[in-house]
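Chemist: Sequence and predicted structure below; questions after.
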Amino acid sequence: QVQLVESGGGLVQAGGSLKLSCAASGRTFSSVAMGWFRQAPEKEREFVAAISRSGGVTHYADSVRGRFTISRDNAKNTVYLQMNSLKPEDTAVYYCAASHGTTGEVRLVAQIASWGQGTQVTVSS
């Protein structure tokens, strides 16, 4: 089981940038696809981005494509989410996730094997 710890959240003005990090424990990091989800108050958790085991394939939600970039460093057991051109509607708790499924299946909550504890991102207008 991979254990995940997010960091890098905070308060930023609209148009600004933040970079989230997710550190994974265990020796199996390179064997899992990784993703980011977010959950705003009174809303369901939604998929944001996914990355394959090697880092060569990525998927994004339509709402963040072109603004967010997911990446991973298997040597450091870390996955990142670079968020640019942030909007107030990006405000949410962001969760790191690990999946034993395909990169495409990471977008499905039911395919997630491990979750991080979440980090708050607040974008002010």
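Modeler: Sure, I can see it. Numbering: from 1, shown residues only.

Chemist: Now do residue 51, the pLDDT please.
Modeler: Looking at residue 51, its pLDDT reads 97.

Chemist: burial count for it?
Modeler: Residues near residue 51, counting by other CB atoms under 10 Å, number 23. All C-beta spots, glycine's among them, are computed from the backbone N, C-alpha and C.

Chemist: now do residue 68
Modeler: So residue 68, with other CB under 10 Å, has 22 neighbours.

Chemist: thought it was touching residue 49?
Modeler: Yes - contact between residue 68 and residue 49 holds when scored by CB atoms under 8 Å: they sit 5.9 Å apart.

Chemist: so what sits against both of these two?
Modeler: Both residue 68 and residue 49 are in contact with 60, 81, where contact means CB atoms under 8 Å, 6 or more residues apart in numbering.

Chemist: pLDDT at residue 109, what is it?
Modeler: 88.

Chemist: Quick check: phi and psi at it.
Modeler: phi -60, psi -40 (degrees, to the nearest 10).

Chemist: pretty sure it contacts residue 37?
Modeler: Yes - counting by CB under 8 Å, residue 109 does reach residue 37; the two are 7.5 Å apart.

Chemist: which one of the two has more residues nearby?
Modeler: residue 37 (25 against 14).

Chemist: beta partners for that one?
Modeler: residue 47, residue 95 (DSSP bridges).

Chemist: quick one, what contacts it?
Modeler: 45, 46, 47, 48, 94, 95, 97, 109, 112.

Chemist: Centre-most residue in this protein?
Modeler: residue 36 (2.1 Å; CA atoms, centre = their mean).

Chemist: CA atoms only: put the least confident helix or strand in the chain by mean pLDDT into PDB for me.
Modeler: Least confident helix or strand, the chain: strand 112-115 with a mean of 94, by mean pLDDT, DSSP states H and E. C-alpha atoms of strand 112-115 as PDB (Å, rounded to 0.1, in the frame of the first residue of the first chain):
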ATOM      1  CA  ILE A 112      -8.200   4.600  -6.400                       C
ATOM      2  CA  ALA A 113      -6.200   2.400  -4.000                       C
ATOM      3  CA  SER A 114      -4.700   5.100  -1.800                       C
ATOM      4  CA  TRP A 115      -5.600   8.800  -1.000                       C
END
